[in-house]
Structure formats: C-alpha cells, structure tokens
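Trainee: Next come a sequence and a model predicted from it.
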Amino acid sequence: MSSLNRFFALSPPCTLKHLEEPYLYDIERDELYELSWDAFQFLIRCARGEAPEFKKEDEPFIEYCLSENLIKTSEVPVKRELKVHPSPIPSLRYLELQITDRCNLRCRHCYLGESHYEDLPFEKIKKILKEFEEIQGLRLLISGGEPILHPHFWELNEILRDYEFRSILLSNGTLITGEIARRLKVHEVQLSLDGMKEGHESLRGRGTFEKVLRAIDFLKEANIRVSIATMIHRKNLKEFDELASLVQSREIEEWNVDAPCLAGRLEENPDLWVTPQEAGPYFQYGFGGGFHGSEKNTTCGAHLCAIISNGQVCKCGLFSEEPVGSIDEGLRTCWERIPRIHIRELNCKCSQLDDCRGGCRFRARSFGDIYQPDPFQCYARRVLKGGE
C-alpha cells in the first residue's frame, strides 16, 4: 500500500474523543466511530505528526479510514493539538444551552412560559464552551427563546468553529434572512415547523409559516444542514401527509416529531393538547438523526443536560424548576449531580423498554409519578393500542 510510506493526519472535520470508550468523531457528518485502544493510540500519534509504526494487520483499518475520509495522507508531518481527556461516566455528550429566554414570538404551546428578558452572559457562555469541550462533548444545542436575539449572539457565532464539537442552532426561523444564513457558522440549524400554514400559525402566529419556508431555502443556499422539529397538536393532525410531502420536497435529512408537554403556555391552551392515544400514530412520520448513546440502562437524559438562561444546570429544559446547581460551580460538577433512574426501576416491563428507555420522565410524571411509563411512547410504539 503506497500510502503507508507517508504521514497520516486526521481530516479537518474529525477529532478524537475519550468517552466510555475511545472514539473518532466526524463533526461535520455527526458520525461516531468506536475505536480499539490500539487504533486510538495510532490516531493520536498521527495527530502529533509522528510516523507511527504499523503492522500488516493494521492495513484494513487504515484503508477504511482513508476511504471514509477520516484521515488523509501527507508528505510532511501535520501536527494538531488534541483536547482528549477521559470523560465522566456516564459521558455528557449533548448539552442544551439556553442562551436567552427572549423571543420574537409568543407560541401557544411554549413550555418556557413568559419571557423575563434574561440572557446568559457571554463570558459564562465562553466558559461553558471550554468546559464542554474538555468533558468530551459531541453536540451543543444552542437554544432559547430565540437564540439570535441574544445581545452577543454574533460574537458567539464567530467562535463556534474554534471548538471540537458540533453546534446546532434551534430556531423558530422567522428571523433568518439570506444575509443571516450566510453569516452563520453553526453546523446545523433545526427549525420548528408545526404543520402546514393553518396548523403552524395556530401555534406561532400569522405570517410565520412562509418565513420558515424561506429560512429553509436561505440555509440550504448557504450550505447549512437543516433539520425540522414538529410538535403534534390538535390543529395539525390532518396535515401530516401534506407536511411529510413538504419536508421531502425540501430534501430534509432529519425530521423530529414529538408531542409537547402540558406545561407553560400549553396549560393556558389545553384545546391544542392531544392525548397519547391520538398522538401515537404521528410519531412514525419522523426520520433520520441518531443517538450516540453508550448505555441503555438509564432513562432519558443518560447523556444530556441543559443550562438555562439564568445559569442553572438541570436534567433538561423541562426540569428548569429543579436545578442541580449553577454553572459557576463547573459543568462537570453539576453533571455528576444529575439524578439518574435505572430503566429497571420503572413501572413498565414491556419488550420495547431497552429501546425507548421509558420515554420522557417529565411527561411520565404528569400521568402519575416519575417512575410511570410515558404513554405517548407506549402508543407510538404500539405497546398500547385502541382504547387501552
């Protein structure tokens, strides 16, 4: 193999992560590759610009990495600083960062409720990014409110590519113009699209539907990956087939379909809420995406936590009233305090349990207690049917 007479270097979008096991992470493609310890050490030496020794049996691994563009050959050594430290166990892989609770819309289902015009200070944001990288994080979910309204959003935008994790902007899409799309340096934007015109605007207000469609086009023109998030509600139940055609026509690779929790403004608009039995069949419309999980023994949030706009750390945004600490104490410290429930502690014993991991604990609690099944997942997976 002639390429074995040259140096090797990690391809620019790739990095190494020391989670429960060693991995190579392709940030652009959001692909995680588990490595043997020998392969991990081989790639570390490559990143240091060394010419590592290899054996004949290493050739298939090297050829695979070259074919997948995970490494590249070079005539000269290419040195790269790696930020590889053992992660806590379980690892924190996904961090939802609510940088502001400001929003230009007043959506009728928003679990956050009314805005307090609270912004996470930029200096704290930078500290969080550094700590998330050190803890071996994979995906940073930048949310709000509407994140673009943070007074230092564009300063944050400029430094995102300095860190070795994937950045995803969660937006309602109504503020994204062609110019804004061209300026964005995130890897992906997830837009909320909650039905066709009637269904979407029944939640988010008049004129918002067309703005989201324009945002999709602007982002695609700027070569930014677009994913879609849809909430199942009373006004869009008859629109899903048409919505599915729309999503397909825009060549969307990931469509997340979920049901909102009865919290925040949805409590004031219960006419929009649908029962688990009604919502169940609509979960099947979603597609794409991946969960880079290592453990199936804990319920939702095994590898995720959230930081809300006041700097408090919690299990997820829905548990904002139950923080485990402040980011001032350090991300690792707070992460280790997150309460975890073993799936065998749940009051559900069905064959789907290892896959759904009990569904949403916040939603389950609204039907009894935190150890109850999430009935939305039960109906989505057809564990429950009809009038059960």
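Mentor: Cool, the structure landed.
Trainee: Now do the contacts for residue 179.
Mentor: The contact partners of residue 179, taken as C-beta atoms under 8 Å, 6 or more residues apart in numbering, number zero. For glycine as for every other residue, the C-beta is placed from the backbone atoms N, C-alpha and C.
Trainee: does it sit in a helix, a strand or a coil?
Mentor: helix (DSSP: H, G, I helix; E, B strand; the rest coil).
Trainee: Model confidence score at it, please.
Mentor: If you check residue 179, the pLDDT there is 98.
Trainee: Can you tell me what sits against the helix or strand of the chain with the lowest mean pLDDT?
Mentor: The helix or strand of the chain with the poorest confidence is helix 353-356; it has a mean of 84 (mean pLDDT, DSSP states H and E). Helix 353-356 has contacts (C-beta under 8 Å, 6+ apart) with 296, 343, 346, 374, 377, 381.
Trainee: so how far is residue 169 from the residue nearest to residue 222 when sequence neighbours are not counted?
Mentor: Distance criterion C-beta to C-beta, 6 or more residues apart in numbering; nearest residue to residue 222, sequence neighbours excluded, is residue 181 at 4.1 Å. Separation of residue 181 from residue 169 (C-beta to C-beta, to the nearest Å): 11 Å.
Trainee: related to what we said a few turns ago, the residue nearest to residue 222 contacts residue 223, doesn't it?
Mentor: No: here residue 181 does not reach residue 223: they are 9.4 Å apart, not a contact under C-beta atoms under 8 Å.
Trainee: more crowded one of those two?
Mentor: residue 181 (21 against 8; other C-beta atoms under 10 Å).
Trainee: That one: what's it in contact with?
Mentor: The contact partners of residue 181, taken as C-beta under 8 Å, 6+ apart, are 215, 218-219, 221-222, 224.
Trainee: Make a ChimeraX selection of the buried ones in these.
Mentor: Buried subset of those, written as a ChimeraX selection, criterion 16 or more other C-beta atoms under 10 Å:
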select :215,218,219,222,224
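Trainee: Tell me the one of the contacts of residue 181 nearest residue 93?
Mentor: residue 224 (22.0 Å; C-beta to C-beta).
Trainee: where does the chain have low pLDDT?
Mentor: Residues of the chain that meet the criterion pLDDT under 70 lie in 1-5, 296, 386-388.
Trainee: Quick check: end-to-end length of stretch 52-70?
Mentor: One end of stretch 52-70 sits 17 Å from the other (C-alpha to C-alpha, to the nearest Å).
Trainee: Counting neighbours, which bits of it end up buried?
Mentor: 54, 61-62, 65-66, 70.
Trainee: Equivalent analysis for stretch 291-299, please.
Mentor: Buried residues in stretch 291-299 (16+ other C-beta under 10 Å): 292-294, 298-299.
Trainee: For those, which two are the farthest from each other?
Mentor: With distances taken as C-beta to C-beta, the most widely separated pair in those is 292 and 299, at 17.1 Å.
Trainee: mind putting the contacts of helix 353-356 in TSV, distance to residue 316 and secondary structure included?
Mentor: Listed next are these as TSV, based on distance: C-beta to C-beta, whole Å; DSSP: H, G, I helix; E, B strand; the rest coil:
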residue	distance to residue 316	secondary structure
296	18	coil
343	17	helix
346	17	coil
374	13	coil
377	16	helix
381	21	coil
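Trainee: sorry, back to before: quick one: which of the buried residues of stretch 52-70 is nearest residue 264?
Mentor: Distances from residue 264 to those, taken as C-beta to C-beta, are shortest for residue 70 (42.6 Å).
Trainee: I'd like the distance between that closest one and residue 33.
Mentor: From residue 70 to residue 33 the distance is 7 Å (C-beta to C-beta).
Trainee: residues bridging contact with the two, i.e. touching both?
Mentor: Here residue 70 and residue 33 have 24, 26 as joint contacts, going by C-beta under 8 Å, 6+ apart.
Trainee: for the stretch 101-250 of the chain, what spans make up the strands?
Mentor: For the stretch 101-250 of the chain, applying DSSP state E, counting those that start in this stretch gives strands covering 139-143, 166-171, 188-192, 225-231.
Trainee: hmm, who's touching the second one?
Mentor: Meaning strand 166-171. 27, 30, 138-144, 146-148, 160-161, 184-192, 215, 227, 229.
Trainee: switch to 7 Å and redo it
Mentor: Identification of contacts with strand 166-171 by C-beta atoms under 7 Å, 6 or more residues apart in numbering yields 27, 30, 138-143, 146-148, 160, 184, 186-191.
Trainee: ditto for the last one
Mentor: Counting by C-beta under 7 Å, 6+ apart, the neighbours of strand 225-231 from elsewhere in the structure are 109, 187-194, 216, 219-220, 247, 252-260.
Trainee: can you list the domain ranges for the chain.
Mentor: As assigned by automatic domain parsing, the chain contains the domains 7-70, 94-340.
Trainee: can you tell which of these is closest to residue 362?
Mentor: Closest of the domains of the chain to residue 362 is domain 94-340, at 4.1 Å (criterion: C-beta to C-beta).
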